[in-house]
Each structure stands twice: as C-alpha cells, then as structure tokens.
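Asker: sequence plus predicted model, see below.
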Amino acid sequence: MRRLLNMIPQLSAEQVHAALDWAPLAEVLAAAFAAPPVAPTRHAHVMAAQDHLLLMPAWSANRIGIKLVTVLPDAPRHGGRTVEATYLLLDRSTGAPVALLDGEALTLRRTAATSALAARQLAREDARTLLVVGTGRLAPWMVRAHVALRPALRRVLVWGRDITRAQQCVAELAEQGIDAEAVRDLSTAVPTADIVCCATTSREPLVRGEWLSEGAHLDLVGAYTPTMREVDDMAVARSRIVVDTFDGALTEAGDLLQPLETHVITRADILADLAGVLRHGVAIRRSPRDITLFKSVGHALEDLAAASLAVSHSLVG
C-alpha cells in the first residue's frame with residue numbers, strides 16, 4: 001500500500017491552493033452545479049463517543065472522487081489535528097488512482113468559491129462593502145474569493161468575538177494586498193454591508209434581521225447542523241432564499257430548519273438551489289431593495305470539480 005501511495009501524484013495544501021485560481025474555479029463549479037455529477041448523500045459514521053468518519057463520494061463520466069474526513073477530538077494529544085481531510089481522485093474508466101490531494105485546502109477553496117459564485121448571481125451589482133463574520137480558518141478565504149470575483153468591492157470588514165483574532169485576520173489579508181478593517185460592534189457593521197458573509201460555528205444567531213439594509217446579500221456557510229444558527233428568524237423571513245443543494249440544506253442547515261419547524265417560513269420560501277439559478281435562470285432578486293440569502297452546507301460535487309481542476313492544472317504545469 002505504501003508503494004502504491006508513493007506512485008500516486010500527491011498535491012500538498014500549497015499545491016492545491018496554487019492550482020485553484022478563483023476565476024477558473026468558479027467556472028468549473030458553475031458547470032458542475034448546472035450539470036451535476038452523481039453525488040450520493042455523504043456517509044457519516046460514529047466510531048466512538050466523539051470520533052467521526054465522514055465519506056463524501058461523487059463521480060462523473062471521467063472521474064471518481066471521495067473525500068475522507070476524520071473528526072478526532074483527542075488527536076492533538078497524539079500529535080495530530082482534530083479534523084483531517086484527504087481527497088482521493090480516481091479514473092472513471094479504469095478505477096486507477098489519479099491523485100491524492102490535501103482535503104482541507106480543497107474544502108477551503110471550493111467553499112469560498114461557491115459562495116462568491118452565488119453572490120455573483122444574487123448580490124446587487126453595485127455592492128461595495130463586504131463584512132465577514134467569523135475569524136476561523138475559512139474567514140480569510142471567504143474574503144479572497146469574494147474580492148477576486150467582485151473587483152468592485154471597495155471596503156472589507158472583519159468581525160469576531162475576539163477582536164484580536166479579527167485583527168490577526170486583517171493583518172494576514174494585508175500581506176496579500178487586501179485592505180481590510182477589524183470591527184468591534186457587529187450591530188453597527190451589518191447595516192453598512194452590502195454582502196454579509198458568516199463563517200462560524202455559532203449555535204446562537206449572530207446577525208439580526210433588523211440590522212440588515214435593504215438590498216443586502218447574506219452568505220451563510222457556517223451552521224452546518226440542525227442545532228446551529230448564524231442569523232435570526234427575522235433575517236431569514238426578510239430574505240429571498242437560495243441553497244447550494246436542497247438535500248443538504250433541508251437536512252443539515254439549522255438557519256433554515258429551525259424557522260421551518262416554527263413556521264416562520266415555509267418550504268415554498270426556499271426559492272431555488274444554485275443549480276436552478278445557474279441552469280434554469282430562476283429569478284431571485286426582483287428589485288434592488290430585496291434581501292437575498294444563500295445557505296451552503298457543502299456538497300461532494302464541489303470537491304470533485306475542484307479536485308479535477310487542480311489535478312489538470314498540476315499535470316499541465
């Protein structure tokens with residue numbers, strides 16, 4: 001097995017990031033959503049009280065891919081990380097391994113690019129201010145993707161419960177030429193933002209609907225379980241809603257499942273999935289005053305599209 005793995009091209013995190021420029025990544029994701037590969041519901045296995053194994057398969061006419069994710073809270077005691085992710089890409093015709101990719105880098109890139117792709121469809125064309133709520137691993141990537149796909153953005157704000165971490169995120173972005181500002185008060189920052197991007201693990205609403213300005217776009221990528229929330233009921237009720245996929249969002253997204261359960265919204269209020277917007281041109285924004293909401297929980301089709309692009313770029317390079 002070790003000999004076999006040594007024979008397979010392996011893309012490190014740095015190589016994955018280098019291979020996935022934002023514009024071409026957004027285009028392959030758009031194509032994948034418009035004509036999706038086969039992607040069964042992900043497998044989630046409980047190995048012990050706190051230990052989980054996640055398997056996310058997908059396949060197209062040319063490639064088979066599977067992301068393997070382990071969540072092991074005690075891993076740091078043994079020199080590892082709580083969450084590890086690896087992506088294996090196979091040839092569809094032969095089943096032979098094509099490449100092994102760093103799964104975390106792949107996830108960061110495809111998640112951020114999918115949100116920026118959705119914002120390109122849903123946010124107002126004159127959007128100028130981006131607010132990112134959260135300071136975790138994903139936060140700076142959300143900024144990079146939105147700025148890359150929307151050059152008209154002129155102001156970037158970052159908020160976190162810990163202002164020091166927000167300032168660190170801003171400093172990291174500054175090293176790459178992105179001018180951003182750490183903000184202390186979320187209630188005053190939200191009304192100034194045209195795009196509000198939430199990337200947190202919050203279990204209680206952070207962004208309130210009363211704070212949103214007319215015409216704002218909400219981009220929600222955290223709250224990936226039914227018990228998690230990033231926005232309150234009013235924010236959801238005020239919004240015209242699009243999801244990455246119906247299956248994932250209606251199974252996992254607490255920001256939608258909880259207001260559905262309490263009848264704040266109905267299933268009919270979830271107007272489309274991203275495929276519907278891209279493939280069928282479902283009209284979401286009816287006027288500049290509409291508030292739009294994109295809820296993403298992630299999908300295996302994104303991984304397959306991104307991994308295929310990364311490998312093609314690396315092989316050509």
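Answerer: Sure, I can see it. Residues are numbered from 1 along each chain as shown.
Asker: which pLDDT value goes with L5?
Answerer: In the prediction, the pLDDT value recorded for L5 is 56.
Asker: check P288 too.
Answerer: In this model, P288 is scored at 95, pLDDT.
Asker: cool, and A39?
Answerer: Turning to A39, the model gives it a pLDDT of 91.
Asker: that one touches S60, doesn't it?
Answerer: No - with contact defined as CB atoms under 8 Å, A39 does not reach S60; the gap is 9.5 Å. To be clear about C-beta, it is placed using only N, CA and C from the backbone, and glycine gets the same treatment.
Asker: find the residues that touch each one of the two.
Answerer: Common contact partners of A39 and S60 (CB atoms under 8 Å, 6 or more residues apart in numbering): L304.
Asker: the more surrounded of the two?
Answerer: For A39 versus S60, the count of surrounding residues by other CB atoms under 10 Å is larger for A39: 22 against 18.
Asker: from R110, how far out is the more buried one?
Answerer: Taking CB to CB, to the nearest Å as the measure, A39 and R110 are separated by 13 Å.
Asker: buried ones in the top helix by length along the chain?
Answerer: Criterion DSSP state H: the longest helix present in the chain is helix 103-122. By neighbour count with 16 or more other CB atoms under 10 Å, helix 103-122 contains the buried residues 103-119, 121-122.
Asker: which residues are in contact with G254?
Answerer: When contacts are counted by CB under 8 Å, 6+ apart, G254 is found next to 223, 225-229.
Asker: most neighbours among those residues, which one?
Answerer: The most crowded member of the contacts of G254, judged by other CB under 10 Å, is A223 (29 neighbours).
Asker: which helix or which strand is home to L29?
Answerer: Taking DSSP states H and E as the criterion, the element that holds L29 is helix 22-34.
Asker: buried stuff in that helix?
Answerer: Across helix 22-34, burial judged by 16+ other CB under 10 Å covers 22, 25-26, 28-30, 32-33.
Asker: avg pLDDT for it?
Answerer: Model confidence over helix 22-34, given as mean pLDDT, is 96.
Asker: name the helices or strands packed onto it?
Answerer: For helix 22-34, the helices and strands in contact under the criterion 3 or more CB pairs under 8 Å, 6 or more residues apart in numbering; DSSP states H and E are helix 103-122, helix 139-149, helix 274-280, helix 300-316.
Asker: with just CA atoms, put that helix into PDB.
Answerer: As requested, C-alpha coordinates have been extracted for helix 22-34 and formatted as PDB (Å, rounded to 0.1, in the frame of the first residue of the first chain):
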ATOM      1  CA  TRP A  22     -10.600  31.900  -8.300                       C
ATOM      2  CA  ALA A  23     -12.000  32.700 -11.700                       C
ATOM      3  CA  PRO A  24     -11.400  29.200 -13.300                       C
ATOM      4  CA  LEU A  25     -12.500  27.500 -10.100                       C
ATOM      5  CA  ALA A  26     -15.800  29.500 -10.100                       C
ATOM      6  CA  GLU A  27     -16.400  28.500 -13.800                       C
ATOM      7  CA  VAL A  28     -15.900  24.700 -13.200                       C
ATOM      8  CA  LEU A  29     -18.100  24.900 -10.100                       C
ATOM      9  CA  ALA A  30     -20.800  26.700 -12.100                       C
ATOM     10  CA  ALA A  31     -20.600  23.900 -14.700                       C
ATOM     11  CA  ALA A  32     -20.800  21.300 -12.100                       C
ATOM     12  CA  PHE A  33     -23.900  22.800 -10.500                       C
ATOM     13  CA  ALA A  34     -25.500  23.300 -13.900                       C
END
